[in-house]
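Undergrad: Show me how the following folds:
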Amino acid sequence: MIKAGVIGHPIAHSKSPLIHGYWLKKFGIDGEYMAYDVPPDNLVAGVNRLVQAGLRGFNVTLPHKQTIMDLCSDISEDAQKIGAVNTVVIDDHGQLHGRNTDAFGFIQNLDETIPDFDWSNRETVVIGAGGAARAVLYALSIKGVQDITLTNRTQESANFLASGYGAKVTAWDQRQKAIQGSDLIINTTSLGMKGQPPLEIDLSGITDQAVVYDIVYAPLYTPLLCAARDQGAQFVTGIGMLLHQARPAFAAWFSQYPEVTPELEKLVL
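TA: Sure, this is the predicted structure:
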């Protein structure tokens with residue numbers, strides 16, 4: 001049996017076992033994918049147990065995405081640029097190889113949702129400056145997007161992140177001005193998620209050529225995306241990013257490259 005999993009703390013909320021379990025069944029693979037609750041002060045021992053149990057690898061979620069890097073024998077360029085590891089491959093010698101698939105998931109989701117999307121010459125606003133924003137900025141750099149404005153409630157974090165990508169920074173209280181004329185607006189924060197405050201932005205000034213992308217997927221149609229729809233703009237939900245980022249990890253462990261299907265999306269939602 002081929003074994004893989006996901007580590008985090010807490011971990012019960014993770015959708016990863018549903019996603020990978022679906023693909024294991026679809027491909028008829030003799031394998032398992034389980035969630036492992038690993039507290040921060042038990043990371044080394046917890047990972048060692050997974051290695052000894054013969055796991056082929058594991059996904060990494062909060063709060064381990066940065067600290068796991070110290071345990072990896074090598075780290076992919078994507079993970080280095082983003083500054084976090086969300087996927088670990090364990091080789092035959094028990095060595096850990098860190099990767100990050102979030103930028104891949106971000107790009108694939110948009111390209112699948114809007115197949116004729118043109119990344120060039122986009123005036124882009126990225127909302128937030130956390131880990132997800134790092135992955136999004138790296139993805140935008142891969143696609144050659146150069147006109148990027150970053151806005152965040154804590155400007156110091158925005159300044160630090162923007163400096164690595166040549167992005168401009170707009171103060172949080174000026175965010176409304178930043179989106180005027182923008183044609184790609186991306187929310188990387190948890191604002192608008194169930195149980196979180198809404199993202200207070202008025203989209204009334206955007207054009208019908210604009211694309212609004214929210215990485216939040218609970219609810220699937222956030223207030224931000226509903227506002228975009230009301231303006232006649234195109235929009236991208238967050239569920240696809242979650243599903244697409246899982247594909248390269250599954251392929252690395254189970255040697256089959258899966259697809260995202262409406263059936264899987266319905267299952268996860």
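Undergrad: Just name the shakiest helix or strand of this protein by mean pLDDT.
TA: helix 175-179 (a mean of 93; mean pLDDT, DSSP states H and E).
Undergrad: For whichever helix or strand comes after that one, which strands pair with it and how are they oriented?
TA: Next in sequence after helix 175-179, counting helices and strands by DSSP states H and E, comes strand 184-187. Next to strand 184-187 in the sheet, as set by DSSP bridges, lie strand 124-127 (parallel), strand 211-214 (parallel).
Undergrad: how far does strand 184-187 sit from the chain's center?
TA: Relative to its parent chain, strand 184-187 has a centroid offset of 14 Å by C-alpha atoms, centre = their mean, to the nearest Å.
Undergrad: Kindly report the same for stretch 31-48.
TA: Using C-alpha atoms, centre = their mean, the distance from the centre of stretch 31-48 to the centre of the chain it belongs to is 21 Å.
Undergrad: can you check stretch 65-81 too?
TA: Taking mean C-alpha positions (C-alpha atoms, centre = their mean), stretch 65-81 and its chain are 16 Å apart.
Undergrad: still on that earlier bit, contacts for the least confident helix or strand of the chain, please.
TA: When contacts are taken as C-beta atoms under 8 Å, 6 or more residues apart in numbering, the neighbours of helix 175-179 outside the stretch itself are 125, 127, 149, 151, 170, 185, 201-203, 205-206. For the C-beta atoms, the positions are set from N, CA and C on the backbone; glycine is no exception.
Undergrad: In those, which has the lowest confidence score?
TA: Note: of the contacts of helix 175-179, the lowest pLDDT belongs to G205, at 80.
Undergrad: ok, back up a step: list the buried residues of the least confident helix or strand of the chain.
TA: For helix 175-179, a neighbour-count test (16 or more other C-beta atoms under 10 Å) marks 175, 178-179 as buried.
Undergrad: ok, so of those, who is nearest Q155?
TA: Distance to Q155, by C-beta to C-beta, is smallest for R175 among the buried residues of helix 175-179, at 11.1 Å.
Undergrad: what sits opposite the nearest residue to A178 once chain neighbours are set aside in the beta ladder?
TA: Closest residue to A178 in three dimensions, ignoring its sequence neighbours and counting by C-beta to C-beta, 6 or more residues apart in numbering: T170, at 4.2 Å. On the basis of DSSP bridges, T170 takes part in beta bridges with T151.
Undergrad: T170 touches N152, doesn't it?
TA: No: under the criterion of C-beta atoms under 8 Å, T170 makes no contact with N152, lying 9.2 Å away.
Undergrad: between these two, who's got more neighbours?
TA: Counting neighbours by other C-beta atoms under 10 Å for T170 and for N152 shows that N152 has the greater number, 25 against 20.
Undergrad: Grab the nearest non-local neighbour of the residue nearest the centre of the chain.
TA: With distances taken as C-alpha atoms, centre = their mean, the residue of the chain nearest its centroid is D102 (4.1 Å). Spatial nearest neighbour of D102, excluding adjacent residues (C-beta to C-beta, 6+ apart): A135 at 3.6 Å.
Undergrad: neighbours around the one you found, how many?
TA: A135 is surrounded by 28 other residues when neighbours are defined as other C-beta under 10 Å.
Undergrad: And for S16?
TA: By the other C-beta under 10 Å criterion, the neighbourhood of S16 contains 24 residues.
Undergrad: who's in contact with stretch 86-104?
TA: The contact list for stretch 86-104 (C-beta under 8 Å, 6+ apart) reads 47, 50-51, 55-61, 65, 68-69, 71-76, 78-79, 82, 84-85, 132, 135-136, 138-139, 142, 241, 244-249, 252-253.
Undergrad: just for the stretch 101-250 of the chain, where's the confidence low?
TA: Across the stretch 101-250 of the chain, no stretch falls below the confidence threshold (pLDDT under 70).
Undergrad: quick one: the helices in it?
TA: Under the criterion DSSP state H, counting those that start in this stretch, the stretch 101-250 of the chain carries helices at the ranges 102-113, 131-142, 155-163, 175-179, 223-230, 239-254.
Undergrad: Sweet, I'm off.
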